[in-house]
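# quick one: sequence plus predicted model below, questions after.
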Amino acid sequence: MKKNILIGVCAGIASYKTCELVRLLVNDGFSVKVLMTESATKFVSPLVFQTLSTNMVYLDMFAPAKEEGIKHIELTEWADICVVAPLTANTLSKIANGICDNLLTTVICALPATKKIIFAPAMNTNMWNNLIIQDNVAKLKNLKRYIFLNPGRGLLACGDYGEGRMPEPEEIYNKIKTSLK
């Protein structure tokens, strides 16, 4: 039986890769729901994720719900696993410090401790190597439920070369499958 995958999308040029991840999962029979930060909608339209996932896209914690219930709690109960791709320095820092100021960070905080969360970071190499960011990564890794995929090395959107590229969709897809076993 295929599982329910909740995908969080943060603002970053790498969010276009998340479209391919959703396509891979849906084609393999997974049920996928996407939630986006408001800033992420500046990079990829929610309509793209809605079309690829065949589910509505969740954006605003306070928007009137078409369904019954409390949105962030229902999403946590529905999901078998959560993936955040791309994970920005901003959202990483919020999660590490328990800040719940948007739907994505609230859902992450509300997920039961038994559910795994996979992070696929994407940011400028200087941001990734910033000691504060690395402290936040270490803090979350110590909790054991958070799984970090290492960002790749290469040419970044800003023109720099270094570590910070979001892992490829196939790598994330494979990590999801192995994490659900």
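In hand now; what should we look at?
# buried residues, stretch 126-142. List them.
For stretch 126-142, burial by neighbour count (16 or more other CB atoms under 10 Å) applies to 127-128, 133, 136-137, 140. Glycine gets a C-beta too; all of them are placed from N, C-alpha and C.
# again with stretch 95-103
Buried, per 16+ other CB under 10 Å, within stretch 95-103: 95-96, 100, 102-103.
# what of stretch 111-121?
For stretch 111-121, by 16+ other CB under 10 Å, it's 111, 116-121.
# and those residues, which of them are in strands?
117-121 (DSSP state E).
# and the residues you listed, which two are furthest apart?
Ile117 and Pro121 (12.7 Å; CB to CB).
# dump the buried residues of stretch 111-121 to TSV, plus distance to Ile172 and pLDDT.
As requested, the buried residues of stretch 111-121 are exported to TSV (distance: CB to CB, whole Å; pLDDT from 0 to 100):
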residue	distance to Ile172	pLDDT
Leu111	18	95
Lys116	13	95
Ile117	13	97
Ile118	7	98
Phe119	10	98
Ala120	5	98
Pro121	11	97
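# looking at those residues, which is nearest Val44?
Nearest to Val44 among these, with distances taken as CB to CB, is Ala120, at 14.8 Å.
# who's in contact with the closest one?
By CB atoms under 8 Å, 6 or more residues apart in numbering, the contact list for Ala120 reads 83-87, 149, 151, 166-167, 172.
# farthest pair in the residues you listed?
Maximum distance among the contacts of Ala120 (CB to CB): 14.7 Å, for Val83 and Pro151.
# who has more neighbours, these two?
More neighbours surround Val83 than the other of Val83 and Pro151, with 29 against 23 (other CB atoms under 10 Å).
# next up, the contacts around that one.
The contact partners of Val83, taken as CB under 8 Å, 6+ apart, are 5-8, 21, 117-120, 172, 176.
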